[in-house]
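Novice: next comes the sequence, and after it the predicted model I'd like to discuss.
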Amino acid sequence: MRLSVRLPFLRESWSRRSFLGASRVITHSSRPFVTAVAFLLVLISAATHAYWNFLLKRAGGTRAFIALAKTCEAIVFLPVFVVIAWQLPPGTLASVAPFALVATVLVLASYATLGAAYQLGDLSFAYPVARGAALVFLPPLGWFAFNERIGPIGLFAVGLIVIGVLAMQLPELTGLGLRALGGRLRGAPTAVALLMALILAVSTLWDKYSIRSVPLFTYFYAYTAATALCYLAWSLRGDGAPALRVAWTSHRSSVIAVGVLNTVSYGLALAALRTGGSTYVIGLRQLSIVGGVWLGASVLGERVDAPRRLGVALLMMGCGLMAVGR
């Protein structure tokens, strides 16, 4: 039986052959690192990622808000999961469980590093640096895990994206600004950011391995729901039920939108990972940073200073090279 759904990450073939991962292997020598379809999926993923991050920022980005958004994510897509699970061959859910368990541990580990960055008082520095630094870890890890090879253009693009992310952290485009950034890079938040980057890179490769072995949406939903339960428990313990009620009352529509868009965004990225190289897909997804800057400036009235303009330009150049290069 085959279930046809519009979203690519919901479209699964339930044949025993494809479920066991015995379908034709796509080699990187016969297919570009980012196909036209994968490129389109990543663009939509980046746009939705930028928008839900904007909604999160506008609502204050509290832990209670995130807990509610993740809970809504699990609740909204539960009927889809039930319909798909009903049609799965016997034993499929049991096979998905270990993959989802590892993914849940990796996601919770990334949240733990975010919590450490928050305690150090430098989350706004550590998180973007971690997203950029993940691209440093992905090429060697991708080569080791999937024999993914990054050509000269791809490596140059990675460098532009990482430098662009760092440029956006500059207080000013002067020697003094560079020295100030250098001082921050030698601090404890950078160590947390690098650990977070390594976890994000490993998580990306684990996702790629998992969706080649088990049905994509079933795997994605299983670890998303498990993570939501853990995060909700953490928020209840740290913030209390009153904080959750206030967040829900004040930002109900944004909570639901963030939950839905988060699933759509990363679901599309997972679909692109099936055929696209890990570094290329995650590199292109950094376009969400550009979208976030634009939304912040046009809607929230945030100032886009010279370092941010330079960072955005470097990011767009790097992502452009990612789209066309190998």
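Specialist: Nice, thanks for sending it over.

Novice: got a list of what the closest residue to A47 other than its chain neighbours touches?
Specialist: Closest residue in space to A47, ignoring its immediate chain neighbours: G291 at 6.0 Å, by Cβ to Cβ, 6 or more residues apart in numbering. All C-beta atoms are positioned from the backbone trio N, CA, C, and that covers glycine. By Cβ atoms under 8 Å, 6 or more residues apart in numbering, the residues touching G291 are A46, A47, H49, A50, Y51, F54.

Novice: just after whatever helix or strand V202 lives in, pick out the following helix or strand.
Specialist: Take DSSP states H and E as the rule and V202 turns out to sit in helix 188-211. Remark: after helix 188-211, the chain's next helix or strand is helix 216-238, criterion DSSP H and E.

Novice: what helices and strands are in contact with that next one?
Specialist: strand 12-13, helix 63-76, helix 78-86, helix 92-119, helix 188-211, helix 241-273 (3 or more Cβ pairs under 8 Å, 6 or more residues apart in numbering; DSSP states H and E).

Novice: list the buried residues for that helix?
Specialist: By neighbour count with 16 or more other Cβ atoms under 10 Å, helix 216-238 contains the buried residues 216-228, 230-232, 234-235.

Novice: picking up where we left off before, confidence score at the residue nearest to A47?
Specialist: G291 is assigned 87 on the pLDDT scale.

Novice: was I right about T279 contacting G142?
Specialist: Yes - under the criterion of Cβ atoms under 8 Å, T279 makes contact with G142 at 5.7 Å.

Novice: re earlier: just put the helices and strands packed on helix 216-238 in TSV and tack on distance to I161.
Specialist: Formatted as TSV, the helices and strands packed on helix 216-238 follow (distance: least, Cβ to Cβ, whole Å):
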stretch	distance to I161
strand 12-13	32
helix 63-76	26
helix 78-86	33
helix 92-119	20
helix 188-211	13
helix 241-273	16
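
Novice: let me know the pLDDT of the most centrally placed residue in the chain.
Specialist: Nearest residue to the geometric centre of the chain (Cα atoms, centre = their mean): Y266, 6.0 Å. Per-residue pLDDT puts Y266 at 91.

Novice: which of the contacts of G291 has the most neighbours?
Specialist: H49 (25 neighbours; other Cβ atoms under 10 Å).

Novice: pLDDT score for that residue?
Specialist: 89.

Novice: so it sits in a strand?
Specialist: No - the assignment for H49 is helix, going by DSSP: H, G, I helix; E, B strand; the rest coil, so no strand is present there.

Novice: separation between it and L295?
Specialist: Noted for H49: a distance of 11 Å to L295, by Cβ to Cβ, to the nearest Å.

Novice: where does the protein dip in pLDDT?
Specialist: Applying pLDDT under 70 to the chain flags residues 1-34, 118-119, 121-124, 325-326.

Novice: ok, back up a step: which of the helices and strands packed on helix 216-238 sits closest to G301?
Specialist: Nearest to G301, of all the helices and strands packed on helix 216-238, is helix 241-273, at 18.3 Å by Cβ to Cβ.

Novice: tell me what the helix or strand following that closest one is packed against?
Specialist: Remark: after helix 241-273, the chain's next helix or strand is helix 278-284, criterion DSSP H and E. Contact partners of helix 278-284 among helices and strands, from 3+ Cβ pairs under 8 Å, 6+ apart: helix 36-58, helix 123-146, helix 152-167, helix 188-211, helix 241-273, helix 306-324.

Novice: the nearest residue to F39 once chain neighbours are set aside: how many residues sit nearby?
Specialist: Excluding its sequence neighbours, the residue lying closest to F39 (Cβ to Cβ, 6+ apart) is A323, at 5.8 Å. Neighbour count for A323, taken as other Cβ under 10 Å: 19.

Novice: any idea how far A323 is from L314?
Specialist: Distance, A323 to L314, by Cβ to Cβ: 15 Å.

Novice: helices or strands next to the helix holding V202 in the packing?
Specialist: helix 92-119, helix 123-146, helix 216-238, helix 241-273, helix 278-284.

Novice: okay, the ones you listed in TSV with distance to F65 next?
Specialist: Shown next, in TSV, are these (distance: least, Cβ to Cβ, whole Å):
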stretch	distance to F65
helix 92-119	14
helix 123-146	15
helix 216-238	9
helix 241-273	5
helix 278-284	25
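
Novice: of those, which is nearest Y209?
Specialist: Per Cβ to Cβ, nearest to Y209 of the helices and strands packed on helix 188-211: helix 123-146, 6.9 Å.

Novice: centre of the chain versus the closest one, how much separation?
Specialist: 11 Å (Cα atoms, centre = their mean, to the nearest Å).

Novice: tell me the buried residues in it?
Specialist: 123, 125-139, 141-142, 145.

Novice: just name whatever secondary elements that helix is in contact with.
Specialist: helix 92-119, helix 152-167, helix 188-211, helix 278-284.

Novice: residues making contact with it?
Specialist: With Cβ under 8 Å, 6+ apart, helix 123-146 has contacts from 113-114, 117, 120, 148-150, 154-155, 158, 161-162, 164-166, 168-169, 184, 189-190, 192-194, 196-198, 200-202, 204-205, 208-209, 277-279, 282-283, 286, 289.
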